[in-house]
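Undergrad: fold the following, please.
(one chain, ligands or ions: 1)
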Amino acid sequence: MKEKCPCGSNLEASSCCISIIKGERPAATAEQLMRSRYTAFTLSNADYLIKTHHHSSRNIMDVLESVNYLKKADWQGLEIKKTKKGDKYSTSGKVEFIASYILDGQLERIHELSDFINEDGQWYYTKGVHF
Ligand SMILES: [Zn+2]
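TA: Presented below is the predicted three-dimensional model:
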């Protein structure tokens, strides 16, 4: 079955975020990691979200709480607004995005500027500010 990736890349899920989530390849850029984390949210994959949240700022209870809260969300899509650095030669990067979902009949938006760091070829989410 060929399904488009939930992240909106227009690629097949299996060759986009799913291959990153399964650990078949690393996210090459901060944006790819961001996209894979969005897709992980659509799949309620808490393990992946914990694994890709840098340990320096990770709060496992918070991650589990958000995943649990968003379990019933009907994800509407991801829009990448801006990226800064975050290519495969950078050690840090920023991604501004809007993720939308419907929960309890309400359209909600998460508009965030997220920070990422690259350690030994692996991208991690560190923190984000909401708009
Ligand atoms: Zn994707």
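
Undergrad: for Leu103, give me its contacts.
TA: With contact set as CB atoms under 8 Å, 6 or more residues apart in numbering, Leu103 has these partners: Leu70, Lys72, Ala73, Asp74. From N, CA and C alone the C-beta is placed, and that goes for glycine too.

Undergrad: cutoff 6 Å now
TA: Leu103 sits next to Ala73 when contact means CB atoms under 6 Å, 6 or more residues apart in numbering.

Undergrad: near the ion, which residues of this structure? Just list them.
TA: Cys5, Cys7, Ser9, Cys16, Cys17, Arg35 (CB under 5 Å from the ion).

Undergrad: can you give me the strands in this protein?
TA: Under the criterion DSSP state E, the chain contains strands at 74-85, 92-103, 106-119, 122-130.

Undergrad: right, so of these, which gets closest to Leu64?
TA: strand 122-130 (15.3 Å; CB to CB).

Undergrad: helices and strands around the closest one, which ones?
TA: Other elements packing on strand 122-130 under the criterion 3 or more CB pairs under 6 Å, 6 or more residues apart in numbering; DSSP states H and E are strand 106-119.

Undergrad: quick check: buried residues in the strand it packs on?
TA: Using 16 or more other CB atoms under 10 Å as the test for burial, strand 106-119 gives Ile110, Glu112, Leu113, Ser114, Asp115, Phe116, Ile117, Asn118.
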